[in-house]
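Enquirer: Sequence first, then the predicted structure:
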Amino acid sequence: MQPNAPMTRAENDFWASADPKSRLFNWKFPDDPHARVFLSETVNSGTEPVTYVSHDVEDGAWQFLGDSMSDGGGPVISCLHHPIDRDPSLVELADLPLGWYAERGRVGEPWTRKKHSRDDASELTILSIGEISRHHSILRQKNGELSREPKRRTRK
């Protein structure tokens, strides 16, 4: 370190990880806080909370989506810590295994975790991230339970 020289991101992260007031102090995720993740446009803008999280088996990518998934806009690339900074309850999903997803009706409700089905996995490999988001339908309340009704796509 040079006197009066600006600190690098790595140096800032190092010191932040030792500061109990920092979001990096007790980082739970196995991925780096600056790892690339995908957000729906509505989650990124703050107009919707995260209600669906996927930890993709193909590439280890994380997706943080709201109720409207990606309707009205494409995916937004962000650092992993940004959605967690806005909603600390996402830390509960730090141990979500590869190939699993979690969903909830609204902030404050418990997460329901499920493994992606084999059919989902084979379809997901041929879809773009926007199509993946649309494939996972909007969360609905039915009889007081959380359910997903996947959209079926027709292929040409």
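Expert: All right, it came through fine. Residues are numbered from 1 along each chain as shown.

Enquirer: Now do the helix or strand harbouring Phe64: everything it contacts.
Expert: Secondary structure from DSSP states H and E places Phe64 in strand 62-65. Under the criterion C-beta atoms under 8 Å, 6 or more residues apart in numbering, residues 31, 35, 37-40, 43, 50-56, 75, 80, 83, 90, 129, 132-133, 136 lie in contact with strand 62-65. (C-beta placed from N, C-alpha, C; glycine too.)

Enquirer: quick one, what contacts the closest residue in space to Val91 that isn't next to it in sequence?
Expert: Closest residue in space to Val91, ignoring its immediate chain neighbours: Lys28 at 5.2 Å, by C-beta to C-beta, 6 or more residues apart in numbering. By C-beta under 8 Å, 6+ apart, the residues touching Lys28 are 91, 94-95.

Enquirer: The protein: helices as residue ranges?
Expert: For the chain, the helices defined by DSSP state H occupy 9-16, 41-45, 81-86, 118-124, 129-135.

Enquirer: By mean pLDDT, show me the worst of those.
Expert: Least confident of the helices of the chain, judged by mean pLDDT, is helix 129-135 with a mean of 41.

Enquirer: can I assume Gly46 is in contact with Arg86?
Expert: Yes - counting by C-beta atoms under 8 Å, Gly46 touches Arg86, with 6.9 Å between them.

Enquirer: So those two - more neighbours on which side?
Expert: The neighbour count for Gly46 versus Arg86, taken as other C-beta atoms under 10 Å, is higher for Arg86 (14 against 9).

Enquirer: So which helix or strand of the chain has the lowest pLDDT on average?
Expert: Taking mean pLDDT, DSSP states H and E as the measure, strand 140-142 is the helix or strand of the chain with the lowest mean score, a mean of 31.

Enquirer: State the distance from Glu48 to Ser40.
Expert: 7 Å (C-beta to C-beta, to the nearest Å).

Enquirer: what does the model give the residue sitting nearest the centre point of the chain for pLDDT?
Expert: When C-alpha atoms, centre = their mean is applied to the chain, the residue found nearest the centroid is Phe64 (2.6 Å). As predicted, Phe64 sits at a pLDDT of 96.
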